[in-house]
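Undergrad: can't give you the sequence, but here's the structure:
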Ligand SMILES: C[S@@+](CC[C@H](N)C(=O)[O-])C[C@H]1O[C@@H](n2cnc3c(N)ncnc32)[C@H](O)[C@@H]1O
């Protein structure tokens, strides 16, 4: 981490962290051509969150296209751009945003490297379709000569130390002893109610999701840009690994939270879920069996704040 990082409000390549309050297009105009190593963002999904004006899908895509074009201008030749998106919903029918945004990248001659599935276990419970439990990160590079380093993001082997048992390589490791690739399906908890990183923002990134991209696609001192910064997660992930971070956020209340979080991250007081911590597994908790008969008998009369511990009589 940097020593007592100063957060600038406008882009200057000598800074280490920049939080611009305003429209991302105004920030992007301040950034010189080919100066950013990684652009990573989660744009508004046009689904009527408090920070967006829902508009026709074509208008939304046109606005995204303008931002993407400007981001690509700022991207180095060895650089990467990662767009993290979910679904747009129209008349209760879903449209996967990565599919409809793909042409905005391909028409700029970017090369797609992965469509990463970010799987998580919490969210709305749908009754008319299966509940959504993943979103995607579409990763493009500007050229074929791009920076990528798997080593810092390797994960433990399923069978560590496994060796060839016959043939000319008998006795040698059959796996990479430094760990294996995390693949393109990442199970990382999303930031909901009990997550240690939760702020009042409705859809912030978990820091560990962005750390994986920062570590594999950038080197120390490189610039990482997030045009839709929210509460500053991208800058925090960049700073934690001695990269420089810059982002724009249009709502002042999120800028304030971002500045507080960046300061706390710099001082080492921000609570962050560590990378690669295993996801909570209920099988390692005593099994609780819910007493449905008892619940059905009194759900219409029970006050909302009643303690329902007695409904788990078979807890073991
Ligand atoms: C999906 S959220 C991103 C959250 C972020 N990944 C985080 O970890 O906090 C999108 C953010 O973009 C902001 N935003 C919307 N339009 C913007 C614009 N034109 N320029 C800059 N920020 C914008 C919204 O206020 C919102 O906080």
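TA: Looks like it came in fine. The shown structure was predicted, so the numbers you read here are calculated from the model rather than taken from an experiment. Numbering: from 1, shown residues only.

Undergrad: Tell me who's in contact with the residue lying closest to residue 42 once chain neighbours are set aside.
TA: Residue nearest to residue 42 in three dimensions, not counting chain neighbours: residue 84, with 4.3 Å by CB to CB, 6 or more residues apart in numbering. Backbone N, C-alpha and C define where each C-beta goes, glycine included. By CB atoms under 8 Å, 6 or more residues apart in numbering, the contact list for residue 84 reads 40, 41, 42, 118, 135, 136, 137, 205, 209.

Undergrad: Residue 84 should be in a strand, yeah?
TA: Yes. Per DSSP: H, G, I helix; E, B strand; the rest coil, residue 84 lies within a strand segment.

Undergrad: which residues does it bridge with?
TA: Assessed by DSSP bridges, residue 84 has beta-bridge partners residue 137.

Undergrad: Please report the distance of it from residue 101.
TA: 11 Å (CB to CB, to the nearest Å).

Undergrad: With residue 225 instead?
TA: Per CB to CB, residue 225 is found 18 Å from residue 101.

Undergrad: Please say which of those two ends up with more neighbours.
TA: residue 225 (31 against 20; other CB atoms under 10 Å).

Undergrad: and the closest residue to the ligand within the stretch 201-316 of the chain, backbone torsions?
TA: Proximity to the ligand, evaluated over the stretch 201-316 of the chain using CB to the nearest ligand atom, is greatest for residue 230 at 2.2 Å. Here is the backbone geometry of residue 230 (degrees, to the nearest 10): phi 60, psi -130.

Undergrad: same deal with residue 114?
TA: Dihedral angles for residue 114 - degrees, to the nearest 10 - are phi -150, psi 150.

Undergrad: Need the per-residue pLDDT for the residue nearest to it when sequence neighbours are not counted.
TA: Distances taken as CB to CB, 6+ apart place residue 139 nearest to residue 114, at 4.6 Å, with adjacent residues excluded. We have a pLDDT of 98 for residue 139.

Undergrad: what helices or strands is the helix or strand hosting residue 139 leaning on?
TA: Remark: residue 139 resides in strand 134-141, with elements defined by DSSP states H and E. Of the remaining helices and strands, those touching strand 134-141 by 3 or more CB pairs under 8 Å, 6 or more residues apart in numbering; DSSP states H and E are strand 75-85, helix 97-106, strand 111-119.

Undergrad: anything in it sitting right up against the ligand?
TA: No. Strand 134-141 is not in contact with the ligand by CB under 6 Å from any ligand atom; minimum separation 10.5 Å.

Undergrad: quick check: mean pLDDT across the very next helix or strand once past that strand?
TA: Sequence order places strand 185-187 as the next helix or strand after strand 134-141, per DSSP H and E. Per-residue pLDDT over strand 185-187 has a mean of 98.

Undergrad: Pull out the buried positions in strand 185-187.
TA: Within strand 185-187, the residues scored as buried using 16 or more other CB atoms under 10 Å are residue 186.

Undergrad: Pull up the pairing partners for that strand, direction included.
TA: Partners of strand 185-187 in its sheet, by DSSP bridges: strand 111-119 (parallel).

Undergrad: ok, back up a step: settle this for me: the residue of the stretch 201-316 of the chain closest to the ligand is touching residue 249, isn't it.
TA: Yes. Counting by CB atoms under 8 Å, residue 230 touches residue 249, with 6.3 Å between them.

Undergrad: Which neighbours do these two have in common?
TA: Joint contacts of residue 230 and residue 249 (CB under 8 Å, 6+ apart) are residue 258.

Undergrad: Which one's more surrounded, the two?
TA: residue 249 (28 against 24).

Undergrad: mind checking pLDDT for that one?
TA: For residue 249, pLDDT reads 98.

Undergrad: Residue 299 now?
TA: 56.

Undergrad: Next: the one 3 residues further on.
TA: In this model, residue 302 is scored at 53, pLDDT.

Undergrad: And for residue 286?
TA: So residue 286 comes in at 58 (pLDDT).

Undergrad: my read: residue 224 touches residue 243, true?
TA: Yes. Assessed by CB under 8 Å, residue 224 is found in contact with residue 243 at 5.3 Å.

Undergrad: Quickly list what's touching both of these two.
TA: When contacts are counted by CB under 8 Å, 6+ apart, residue 224 and residue 243 have 37, 214, 218 as shared neighbours.
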